[in-house]
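Trainee: Have a look; sequence and predicted model below, questions after that.
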Amino acid sequence: MLINFMADKLIISFEEYTKIVEKLAIQIHNEYKPTVLVGIMRGAAPILDILSRILKLPIAYIVIQSYSGEGMEDKQGQLMFAREISSLAENKDYNKVLLIDDLSDTGLTLNKSIEWLKNYAPTKDYIKEVKTACLWKKKSSTFEPDFCPVKLDGDPWIVQPTEHYEELSIEEIIKKN
């Protein structure tokens, strides 16, 4: 069950998170046969881990950072891509790519990532198709992912199960443990 403590925040438990990922896996299994899973870091990391174990597929990671300027931490800025994909997948595995992110907020990251992937020199000649997947699509997103188990009727801040670690220092974790 999704727990909504505040109108503008959607708090997700780890149990609910894994159920949503499993629903996504079922959608993918029933409707598409990707040859590689490519995750957008950091949000896609746990999703990619679970999906790769369920679907038994090779994985790759692309790292993207959004720069928005001082005092605008909650606004998306210009996207900066890492130079390389991190993966042990072979070039031939990039025939049918499933690009994964945690959510479609504005749609900018997924749109730009598709463009970047299709122009990435080592694999671009092997890519025949790129489809997209995420766990949540916000109402205001202009991007329509191919696979998405939860389409929201608003634009809440989604508090994912590991997000609290961003607020903790290593000293606090040591003290707690």
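Mentor: Alright, I've got the coordinates.
Trainee: now the strands for the protein?
Mentor: Remark: strands assigned in the chain by DSSP state E are 3-6, 9-11, 36-41, 59-67, 78-81, 86-87, 96-100, 103-104, 129-133, 136-137, 150-151, 157-159.
Trainee: Contact partners for Ile127?
Mentor: Listed by Cβ atoms under 8 Å, 6 or more residues apart in numbering, the contact set of Ile127 reads Tyr94, Asn95, Val97, Leu117, Lys118. To be clear about C-beta, it is placed using only N, CA and C from the backbone, and glycine gets the same treatment.
Trainee: for this structure, what helix or strand is lowest in average pLDDT?
Mentor: Lowest on mean pLDDT, DSSP states H and E among the helices and strands of the chain sits strand 3-6, with a mean of 47.
Trainee: hang on, the earlier thing: which one of the contacts of Ile127 sits closest to Phe147?
Mentor: Phe147 lies nearest to Val97 out of those, by Cβ to Cβ, at 12.8 Å.
Trainee: For the most centrally placed residue in the chain, give me the pLDDT.
Mentor: The residue lying closest to the centre of the chain (Cα atoms, centre = their mean) is Asp101, at 1.5 Å. According to the prediction, Asp101 has pLDDT 95.
Trainee: Return the distance of it relative to Glu90.
Mentor: To Glu90, Asp101 is 23 Å away according to Cβ to Cβ, to the nearest Å.
Trainee: what's the longest helix seen in the chain in contact with?
Mentor: Taking DSSP state H as the assignment, the helix of the chain that covers the most residues is helix 14-31. Applying Cβ under 8 Å, 6+ apart, the external contacts of helix 14-31 come out as 1-3, 12, 34, 46-47, 50-51, 54-55, 98, 133, 135-136, 147-150, 160-161.
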